[in-house]
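> Below is the structure, and that's it, no one-letter string:
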């Protein structure tokens, strides 16, 4: 079971770039890495997913080194509305019951 | 296209009472799941289903039952509620290509057991 480790919290200011790193030492060959965002009183929402190297979409980038034992979610020029909890999830190709969310990273963006 | 819907939004139960949390999706997803979220604990998988008639246990299944009679619906039943089941419950759905697909979550049900 590939367990993930993230910082519990991070602080930033509006307009800065934020990088949140997730450690997943036991990731398996076929596993993908997915990041979700959760606002208070809402369900998690998909942000980005990747397998290796770099993935970019309209809201974030995901950097995955060659050994895939970690990944970094990059949020460019954050705003107050990016204040949320961010979860790193390693999707198990071999078993649906092993899908687990860690405790996430609480990102607080200040003016 | 409503996505994933959950009812009720809030519920208060007394210890020992039973109830069913409803979840429905209109995306024709084969995979559906239930999570509970407690403060500081992230989301923990309770039960999941890979299709109508097929269910299985997740990380924390005790005290909960599920069934999947249709593709659209995946109710979660608490047979005898306990204070330890006070939590926020999220239902999610996805295609079966779970390792490459995203999960869509409902708005959640906040349950308090007195």
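Perfect, I can see it now. From a predicted model like this one, the values you see are computed outputs, not experimental measurements. Numbers count the residues shown, from 1 in each chain, chains lettered A, B, ... in the order given.
> Relative to the whole chain's centre, how far out is stretch A:11-30?
Its chain's average C-alpha position is 5 Å from that of stretch A:11-30, according to Cα atoms, centre = their mean, to the nearest Å.
> What's the end-to-end length of it?
With Cα to Cα, to the nearest Å as the measure, stretch A:11-30 spans 33 Å from end to end.
> List the contacts of that stretch.
A:1-7, A:10, A:31, A:33, A:35, A:68-80, A:82, A:86, A:88, A:90, A:92-94, A:102, A:105, A:107-111, B:99 (Cβ atoms under 8 Å, 6 or more residues apart in numbering or on different chains). Just so you know, the C-beta spots here come from the backbone N, C-alpha and C atoms, and that holds for glycine as well.
> buried ones in that stretch?
A:12, A:18, A:20, A:21, A:22, A:23, A:24, A:27 (16 or more other Cβ atoms under 10 Å in any protein chain shown).
> circling back to that earlier point, could you list which of the contacts of stretch A:11-30 belong to strands?
If you go by DSSP state E, the contacts of stretch A:11-30 have A:10, A:33, A:35, A:70-75, A:86, A:88, A:90, A:105, A:107-110 in strands.
> Buried ones among those?
The neighbour count (16+ other Cβ under 10 Å) marks A:10, A:33, A:35, A:70-75, A:86, A:88, A:90, A:105, A:107, A:109 as buried among those.
> before we move on, back to that, which of the ones in strands among the contacts of stretch A:11-30 come close to chain B?
Among the ones in strands among the contacts of stretch A:11-30, proximity to chain B is found for none (Cβ under 8 Å from any Cβ of the partner chain).
> And stretch B:10-18, how far out from the chain middle?
Its chain's C-alpha centre lies 16 Å from the corresponding centre of stretch B:10-18 when counted by Cα atoms, centre = their mean.
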